[in-house]
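**Student:** give me a model of this one.
(one chain, ligands or ions: 1)
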Amino acid sequence: MATKIDGKQVAASINDAVKSATLALEKDTGVKPGLAVVIVGEDPASHAYVGAKSRMARECGFNSIQHTLPEGATQEELATIVEALNADETIHGILVQLPLPRHLNSDSIIQSIRPEKDVDGLHIVNAGKLATGDLDGGLVSCTPAGAMILVRRTHGEDLSGLSAVVIGRSNLFGKPMSALLLAANATVTTAHSRTENLSGICRNADILVAAVGRPEMVRASWVKSGATVIDVGINRIAASERGEGTYRLVGDVAFDECVEVAGVITPVPGGVGPMTIAMLMANTVIAAHRKAGKTPPKFS
Ligand SMILES: Nc1nc(=O)c2c([nH]1)NC[C@@H]1CN(c3ccc(C(=O)N[C@@H](CCC(=O)O)C(=O)O)cc3)C=[N+]21
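**Tutor:** Residues are numbered from 1 along each chain as shown. Below is the predicted model:
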């Protein structure tokens with residue numbers, strides 16, 4: 001039986017470190033970290049995530065603001081808000097909740113965020129710093145940064161000799177996750193929807209990271225005995241037996257069978273998800289330190 005990683009508990013330890021760093025920074029410089037979250041439209045799941053982010057920001061002692069735009073908002077309206085937040089001295093982090101409604105161009109919005117305020121790590125400057133191995137100069141996308149902390153707490157800082165397989169190649173997760181594993185000396189394979197013999201490739205992984213958005217796709221037969229399995233999927237499955245409109249959350253990993261084969265495994269919920277929010281807070285307090293001319297703390 002694998003050890004189950006308690007992502008909530010690790011996230012709580014990161015959040016505590018963020019709170020201390022926030023108090024110390026404010027005492028030292030008078031600067032209070034400011035986080036702005038921008039959300040467009042009415043999607044209930046997106047509103048739930050944004051609510052959780054704003055709540056945690058307040059709990060960390062941040063100045064937390066939220067802009068909510070209607071589904072029909074124009075590109076110009078959204079761009080105007082980002083411009084104002086770019087210029088706002090009290091705001092150190094800007095997060096535009098994704099996905100945006102289809103009529104909006106999310107890439108042009110994301111690239112208009114000042115890189116030093118891009119707490120999602122999606123600006124090409126931050127993506128480029130990560131890709132070139134400058135791990136401390138930019139901001140790293142929150143979900144891979146959080147998943148990497150779980151990997152480090154299992155394997156330590158140096159992954160030399162370990163093979164890692166990341167299923168998924170998105171800019172938000174798969175690519176930055178592969179870059180972080182590579183920077184830690186793992187031998188990394190980035191697999192995706194066109195990969196052949198996916199199960200065979202996964203079976204070689206000492207560290208298997210699944211971020212595909214397909215409920216319970218990774219089966220026990222894909223997992224090397226003793227492997228570390230990190231499940232990044234969050235899929236809502238209708239649970240009609242419990243009544244209309246109810247759902248349960250499952251990951252991309254068939255947990256109940258993979259837990260029998262893996263050495264360490266993350267659950268869904270309570271695994272990587274809480275780490276994402278914790279790393280958003282960490283990135284915001286890092287950005288605030290840099291703005292104040294202070295060396296930011298390291299979170300691990
Ligand atoms: N610009 C942008 N940046 C993001 O980082 C971003 C985004 N847009 N859009 C949506 C996704 C999703 N996301 C999650 C954050 C926390 C949990 C989380 O805390 N999950 C809990 C519970 C989830 C629940 O109960 O619904 C868990 O897994 O235990 C999940 C998912 C951030 N995202």
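
**Student:** show me the shaky parts of this protein.
**Tutor:** Within the chain, the ranges that satisfy pLDDT under 70 run 241-243.

**Student:** which single residue in it comes nearest to the ligand?
**Tutor:** residue 273 (2.1 Å; CB to the nearest ligand atom). C-beta here means a position set from N, CA and C on the backbone, and glycine is covered the same way.

**Student:** contacting residues for the closest residue to that residue other than its chain neighbours?
**Tutor:** Of all residues not flanking residue 273 in the chain, residue 234 sits nearest, at 6.2 Å (CB to CB, 6 or more residues apart in numbering). Residue 234 is in contact with 249, 251, 268-269, 273, counting by CB atoms under 8 Å, 6 or more residues apart in numbering.

**Student:** greatest separation within those: which pair is it?
**Tutor:** The span of the contacts of residue 234, defined through CB to CB, is set by 251 and 273 at 9.5 Å.

**Student:** same drill for these two, tell me which one is more crowded.
**Tutor:** For the pair residue 251 and residue 273, the greater number of neighbours falls to residue 251 (30 against 25), based on other CB atoms under 10 Å.

**Student:** contacts only, for residue 219.
**Tutor:** Residues in contact with residue 219 (CB under 8 Å, 6+ apart) are 199, 254, 257-258.

**Student:** which of these sit farthest apart?
**Tutor:** The most widely separated members of the contacts of residue 219 are 199 and 257, with 13.4 Å between them, by CB to CB.

**Student:** stretch 1-8 and the ligand in contact?
**Tutor:** No: using CB under 6 Å from any ligand atom, stretch 1-8 never reaches the ligand; the gap is at least 6.6 Å.

**Student:** in that stretch, what counts as buried?
**Tutor:** Going by neighbour count (16 or more other CB atoms under 10 Å), the buried part of stretch 1-8 is 2, 5, 7.

**Student:** how about the helices in this protein?
**Tutor:** Counting by DSSP state H, the chain has these helices, from start to end: 7-29, 44-59, 75-87, 106-112, 124-131, 142-155, 174-183, 198-203, 255-258, 272-291.

**Student:** so for residue 238, which of the ones you listed sits nearest?
**Tutor:** So among those, helix 44-59 is nearest, using CB to CB, at 13.9 Å.

**Student:** all set now, cheers.
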